[in-house]
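Peer 1: give me the fold of what follows.
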Amino acid sequence: MGTLHAPRTIPTTPPATNKKKNLNPRCPKPRTRFGFLVSCGLSLVWAFALMALVLVAPALARDTVHIVGSSTVFPFSQAVAEEFTGLTEFSAPVVESTGTGGGFKLFCSGIGAATPDVTGASRLMKDSEKELCVENGVASVTEVRFGFDGLSIATSQEAQPLALTPRQIFLALAAEVPQDGNWIANPFSRWNEVDASLPNEEIIVFGPPPTSGTRDAFLELAVVPGCDSFAETKSLDKETRKQRCHRLRSDGPFIEAGENDNLIVQRLVSDPRAVGIFGLSFLEENRDKLRGVAVNGVEPSFETVRDRSYPLVRPLLVYVKNAHREVIPGLEDFVAAFVDEWAIGESGYLLERGLVPLEATARAETQEVALSAKPLF
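Peer 2: Predicted coordinates for the structure are as follows:
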């Protein structure tokens with residue numbers, strides 16, 4: 001059975017007492033919560049934020065870890081929560097899929113038991129989100145990069161095989177496209193209008209909303225490279241280029257499907273014409289129903305994401321609110337469980353959910369950052 005981190009072994013049965021144990025070998029067992037902060041070398045600002053949290057705790061008390069954020073990270077957070085619940089004495093964590101952007105908004109809304117402890121993300125936190133955190137008193141946050149994921153484009157197994165390039169993806173889904181040296185509203189409604197080599201089928205693509213990190217990643221990895229392949233883009237100034245290359249069409253072919261990727265899977269199964277965009281884990285879980293769409297001739301799979309031959313690869317992250325670590329019961333242990341080798345290692349159980357693991361050196365760095373509460377800001 002795995003360990004959260006040596007030398008402590010996770011008990012297979014809950015202990016008789018609910019007393020919390022110190023699981024972080026880098027810090028001595030604290031005499032007080034504030035003593036823990038100082039002994040671990042954390043900032044005094046962090047300590048005062050925690051003091052404020054402790055003072056309001058009686059009114060806002062809860063005994064469960066609360067995780068929000070990315071729909072892509074959701075299956076991994078959920079799996080860790082299930083293992084954590086089965087192997088520790090703490091209450092089952094509450095895991096919600098709110099989207100990356102929605103998760104950051106909730107996470108950065110303040111400190112206190114009414115706010116989340118952890119948020120998952122399929123992209124890095126933006127400067128504007130860091131500023132929101134600081135403005136609301138979230139003065140110390142740890143960024144934990146725990147693996148990689150492929151951004152999948154998929155169809156039903158009943159659909160005609162489809163292979164795309166970033167240029168074709170841009171022409172199918174951008175709000176405006178270049179034509180004869182000008183930019184015009186996207187006129188294409190069928191795939192063979194984009195490129196004669198593609199099927200004579202209506203363009204129907206279900207994808208994530210603007211609050212989703214998956215959408216941000218899709219734009220940066222698939223749409224923008226396609227936009228940049230046109231000579232007309234090279235003469236654009238920075239702001240105009242952003243408007244042309246980052247804006248998806250809203251006239252019907254691209255359909256925002258919300259933050260629940262399982263709903264996209266259902267749409268693809270029910271309509272063989274439809275194409276969906278979501279994380280690799282959802283494709284892997286539904287290989288009996290779905291087929292991956294090759295991008296630049298490479299299909300999405302665990303192997304092609306790991307060797308980086310598949311072009312749509314992005315990091316997976318969780319962000320931890322450090323002021324909650326020694327106040328919310330089980331949070332320290334949950335963070336330790338998330339970065340344990342049993343979860344994210346070469347044979348970790350999260351690989352069954354589609355996680356592509358970090359290299360050994362990068363994993364060790366991630367574990368150090370997570371367990372020592374190294375602040376991003």
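
Peer 1: how many neighbours does E82 have?
Peer 2: For E82, the count of nearby residues is 14 (other C-beta atoms under 10 Å). Placement of C-beta: from N, CA and C, glycine included.

Peer 1: surely it is in a helix?
Peer 2: Yes - judged by DSSP: H, G, I helix; E, B strand; the rest coil, E82 forms part of a helix.

Peer 1: tell me, what's the model's pLDDT at it?
Peer 2: As summarised for this prediction, E82 has a pLDDT of 97.

Peer 1: now S270
Peer 2: Value for S270, per-residue pLDDT: 94.

Peer 1: how close does it sit to E158?
Peer 2: With distances taken as C-beta to C-beta, to the nearest Å, S270 is found 10 Å from E158.

Peer 1: which one's more surrounded, these two?
Peer 2: Legend: neighbour count by other C-beta under 10 Å for S270 and E158, higher for E158 (13 against 9).

Peer 1: where does the more buried one land on pLDDT?
Peer 2: 94.

Peer 1: list the contacts for the closest residue to it other than its chain neighbours?
Peer 2: Closest residue in space to E158, ignoring its immediate chain neighbours: P272 at 4.2 Å, by C-beta to C-beta, 6 or more residues apart in numbering. Residues near P272 by C-beta atoms under 8 Å, 6 or more residues apart in numbering: T155, S156, E158, A159.

Peer 1: next one: R241
Peer 2: By C-beta under 8 Å, 6+ apart, the contact list for R241 reads C227, T233.

Peer 1: find the helix or strand that it is a member of.
Peer 2: For R241, the element it lies in under DSSP states H and E is helix 238-245.

Peer 1: give me the three-state assignment for V369.
Peer 2: helix.

Peer 1: if I look at it, how far off is A362?
Peer 2: 11 Å.

Peer 1: one step back: closest one to L263 out of the contacts of P272, please.
Peer 2: Each of the contacts of P272 was checked against L263 using C-beta to C-beta; the closest is S156, at 14.5 Å.

Peer 1: show me the beta-bridge partners of that closest one.
Peer 2: Beta-bridge partners for S156, by DSSP bridges, are L290.

Peer 1: neighbours of it, how many?
Peer 2: 21.

Peer 1: go ahead and confirm it touches G276.
Peer 2: No - using C-beta atoms under 8 Å as the test, S156 is too far from G276 to be in contact (9.1 Å).

Peer 1: cool, thanks, signing off.
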